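Asker: Give me a 3D structure for the following:
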Amino acid sequence: KSPDVPEDMKKEVLKESENPSKSDESAESKSTSKSSSNTSHSWNTKDVEDGTYLIKVVASDRSSNATSALTDEVISDPFTVCNAAPKLTLYRGRVELSAVGSATVNGSALSKLADVVGVQYRVDGGQWMAAVCDDGMFDSPYEAFTATTGDLATGEHKLEVQAVDAAGNAASKTVDVKVS
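Answerer: Residues are numbered from 1 along each chain as shown. Next up is the predicted model:
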């Protein structure tokens with residue numbers, strides 16, 4: 001068993017382990033599929049709330065061995081389901097234009113359950129470019145960043161910024177930049 005199992009999860013697992021007949025009944029009633037010879041199961045985690053989960057797998061030969069059936073079970077290490085995109089904040093009051101026509105935008109990205117692993121930007125739908133993490137590396141749930149474009153032509157531009165977390169979730173925001 002993993003040492004980082006949250007206490008409330010440990011209690012549920014221990015409660016089921018202490019009363020195996022009740023555990024068998026609850027496992028059968030909670031099962032989403034009937035007895036089968038399948039050796040794999042797909043689970044679409046987009047349908048569950050974000051959080052930390054354990055999976056309990058019970059295997060039995062009861063369907064083909066009625067008199068001396070064997071049963072075994074294993075409980076996974078905790079794992080995180082994270083479907084929510086990071087919260088992206090652009091500090092609008094801090095979009096700065098330099099004398100040579102480049103724009104700088106500062107902001108932050110926050111993800112509740114996964115590290116922010118990158119922030120990128122593009123101008124007018126062009127190629128994505130990497131923003132700079134203020135602490136040197138995108139590797140934690142909260143990251144402040146700076147994005148500085150190359151020289152921009154005179155006129156109005158759309159600067160799009162996107163933050164991505166370790167679960168592959170992304171959030172984007174766009175700010176208008178005017179170069180005169």
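Asker: In contact with the closest residue to Q120 other than its chain neighbours, which residues are there?
Answerer: Among residues not flanking Q120 along the chain, W128 sits closest, at 4.4 Å (Cβ to Cβ, 6 or more residues apart in numbering). Where C-beta positions appear, they are placed from N, C-alpha and C, glycine not excepted. Listed by Cβ atoms under 8 Å, 6 or more residues apart in numbering, the contact partners of W128 are 120-122, 162.
Asker: Need the outlier residue of this protein, farthest from its centre.
Answerer: Centroid-distance maximum for the chain: T67 at 45.8 Å, with Cα atoms, centre = their mean.
Asker: show me where the protein has strands.
Answerer: Here the chain has its strands, by DSSP state E, at 51-53, 56-60, 71-75, 79-81, 87-90, 96-97, 103-110, 116-123, 129-130, 132-133, 142-148, 155-165, 170-179.
Asker: quick one: which of those is nearest H41?
Answerer: Among the strands of the chain, strand 56-60 comes nearest to H41, with 8.8 Å by Cβ to Cβ.
Asker: What average pLDDT does that closest one get?
Answerer: Strand 56-60 carries an average pLDDT of 87.
Asker: what's the answer for stretch 81-92, then?
Answerer: Across stretch 81-92, the per-residue pLDDT values average to 92.
Asker: burial of the residue nearest to T71 when sequence neighbours are not counted, as a residue count?
Answerer: Leaving out its chain neighbours, the residue that sits closest to T71 by Cβ to Cβ, 6+ apart is S60, at 4.2 Å. Neighbours of S60 under the rule other Cβ atoms under 10 Å: 15.
Asker: so what's S60 up against?
Answerer: S60 makes contact with 69-72 under the criterion Cβ under 8 Å, 6+ apart.
Asker: And those, which of them are buried?
Answerer: Neighbour counting with 16 or more other Cβ atoms under 10 Å marks none of the contacts of S60 as buried.
Asker: ok, so of these, who is nearest P141?
Answerer: D72 (37.2 Å).
Asker: Now for the closest one: which residues touch it?
Answerer: Going by Cβ under 8 Å, 6+ apart, D72 touches 58-60.
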